[in-house]
Structures are given as structure tokens and as C-alpha cells.
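Trainee: can't give you the sequence, but here's the structure:
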């Protein structure tokens, strides 16, 4: 996953994804020629809420519908696991992408905890 994140996120530093993967409700990946080119993580609250995190598509694979397909597959899998709501936070320039995935705007709050 570090390879995908290095290619996709400027400034990414190698990370141990073990703790992230251990806490997930599910994740969806895409591979091309054996190489990881797409990833999305979904975590849950143990009830009806799930949260979409780390949607990542390799720059060589962007603008082909892969990201939307990953998010829709993650939403369906979360629904199958009992989630009624899928939440996501994103920066304003990603609004169109998330609308294509099926999200609608809603009021939300965010508190910075440092770090």
C-alpha cells in the first residue's frame, strides 16, 4: 500500500498499515497486472454508521471511473454488513467526485485534535 500512497499522495511517508487494516469494517482494492492501483477503507461504529476513508487511485488510473466503482462497491459491502449510513469527509475540490459516487451534502462538524 505504501507504493500506491507514494504515487498518489505527495509527501506520503512509509506507514505500517497493520493497525488500520485491523480496525476496518472492510476494504476494497483494485489491481492491474498484479499491481495495487486502487484502495478504499471503510470503518464502522459497530452499529449502523460506516465511514469511508483513504479513497486512493493511482495517478495512471484516474479519470476512468475506477474511484467511483471502488466507492460504490464499498457502499454495497457496507450495506451488506448492516450499515445504514456511509459518511465521508472531503475537501471542496472533491465534491464532484463524491456526488458521482452518490453522496449528498450534509452539515457536519470537525474538531482538530493535533498531530
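Mentor: Received, thanks. Source: prediction; values computed, not measured.

Trainee: what does the helix or strand bottoming out on mean pLDDT in the chain contact?
Mentor: Least confident element among the helices and strands of the chain, by mean pLDDT, DSSP states H and E: helix 18-22 (a mean of 93). Residues outside helix 18-22 that contact it (CB atoms under 8 Å, 6 or more residues apart in numbering): 27, 41, 54. Where you see a C-beta, it was placed from the backbone N, CA and C, and this is true even at glycine.

Trainee: which of those residues has the largest number of neighbours?
Mentor: residue 41 (22 neighbours; other CB atoms under 10 Å).

Trainee: list the contacts for it?
Mentor: When contacts are counted by CB under 8 Å, 6+ apart, residue 41 touches 20-21, 24, 27, 52-54.

Trainee: and residue 42, what are its phi and psi?
Mentor: Residue 42 has phi and psi values of phi -130, psi 130 when expressed as degrees, to the nearest 10.

Trainee: repeat for residue 39
Mentor: Taking degrees, to the nearest 10, you get phi -160, psi 140 for the backbone angles of residue 39.

Trainee: could I get the average pLDDT for the helix or strand where residue 72 lies?
Mentor: Here residue 72 sits within helix 66-80, counting by DSSP states H and E. The average pLDDT within helix 66-80 is 97.

Trainee: list the buried residues of it.
Mentor: 66-75, 77-78 (16 or more other CB atoms under 10 Å).

Trainee: what does that helix contact?
Mentor: 25-30, 37-40, 42, 44, 50, 52, 55, 57, 86, 97, 100-102.

Trainee: now a ChimeraX select for only the buried ones of the residues you listed.
Mentor: Applied in ChimeraX, the following selects the buried portion of these according to 16+ other CB under 10 Å:
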select :25,26,27,28,30,37,38,39,40,42,44,50,52,55,57,86,97,101
